[in-house]
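Asker: Sequence first, predicted coordinates after that:
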Amino acid sequence: MQLLQGNREKIKDVLERAYPGGQIESTVNTFLINTGSKLVLIDTGNGKMASPTMGNVIDNLRVVGYQPEQIDEIYLTHMHGDHIGGLVSGTERVFVNATVYANKREADYWLDDGNRNAASDAAKRTFQAAKETITPYIIANKFKTFEGNIQLTPGIKTEALFGHTPGHTAYIIESKGDTLALWGDIIHVAAVQFEDPSITIAYDRDKDEVAKVRQKIMVEAAKHNWLIGGAHLAFPGIGYVQANGGGYSFVPLNCPEVK
């Protein structure tokens, strides 16, 4: 897998063991938090921006009894298309009553025309996706930014995990003594990056920094027995991190699949 960057022999060995058929499935998870007083959605998936087999967030919300207009707030881990594409349908807001939150560094970077103009042609598509999905919420006065590690709502605080993108952010949910860390794109290929957290992916903007923050949050999650949730972990994308020699292993929760 050419997107992964690090020890090539190790990557090849782990991938062959984990995927003997050579087929690696891609997953994009979003997470709905019911705080008791509001509904908070972490990321929105890619909508219809990419693969036709993805973009099922709205259907899955409805399956479990919620409508998009019931969502009160949306917290973005970052502004790559597979995390923000579900915000809009065409040019219209999908979540008409929701306020969208993002780290200020993230918003300032992706919504800046100068940065877009200076970017490669491939990167320009991500800048354009950010502009198209966030602008309708800005116009409706439904977009806000935050700085630093703060509490956005009781029980949910932000945790800066910069590196994958300039303002990549995790959300730490605490309830009745338990902690769930929704860490966005800390992991893309679980079989490889849990075993060796130093391995990065081509999409990581600052590879040295993302390797550091990955190691940091894995240490915390394993030490404190946090549940973690990842956008690109196999459904349901939630489980525990366990220290395993010089690396880690992931123990997923066994949850019924939503069709």
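Answerer: Looks like it came in fine.
Asker: Name the helix or strand for the closest residue to residue 143 other than its chain neighbours, please.
Answerer: Spatial nearest neighbour of residue 143, excluding adjacent residues (C-beta to C-beta, 6 or more residues apart in numbering): residue 137 at 4.1 Å. Backbone N, C-alpha and C define where each C-beta goes, glycine included. Element membership for residue 137 (DSSP states H and E) is helix 121-139.
Asker: Which elements pack onto that helix?
Answerer: When contacts are defined as 3 or more C-beta pairs under 8 Å, 6 or more residues apart in numbering; DSSP states H and E, helix 121-139 packs onto helix 81-84, strand 88-89, strand 92-93, strand 99-103, helix 104-110, helix 113-118.
Asker: let's see it at 10 Å
Answerer: Helix 121-139 is packed against helix 81-84, strand 88-89, strand 92-93, strand 99-103, helix 104-110, helix 113-118, strand 143-146, with contacts defined by 3 or more C-beta pairs under 10 Å, 6 or more residues apart in numbering; DSSP states H and E.
Asker: I figured the residue nearest to residue 143 hits residue 88, correct?
Answerer: Yes - with contact defined as C-beta atoms under 10 Å, residue 137 counts as touching residue 88 (8.7 Å).
Asker: what about residue 246, neighbour count?
Answerer: By other C-beta atoms under 10 Å, 8 other residues sit near residue 246.
Asker: Could I get the contacting residues of it?
Answerer: With contacts defined as C-beta atoms under 10 Å, 6 or more residues apart in numbering, residue 246 is in contact with 195, 196, 197.
Asker: if you set the cut-off to 8 Å instead, what comes out?
Answerer: Counting by C-beta atoms under 8 Å, 6 or more residues apart in numbering, residue 246 touches no other residue.
Asker: Over to residue 161?
Answerer: Applying C-beta under 8 Å, 6+ apart to residue 161 gives the contacts 168, 169, 170, 183, 184, 186, 213, 217.
Asker: Roughly how far does the fourth one sit from residue 85?
Answerer: Same thing as residue 183. As defined by C-beta to C-beta, to the nearest Å, residue 183 lies at a distance of 20 Å from residue 85.
Asker: Got the phi and psi for residue 155?
Answerer: When read as degrees, to the nearest 10, the backbone of residue 155 gives phi 90, psi -10.
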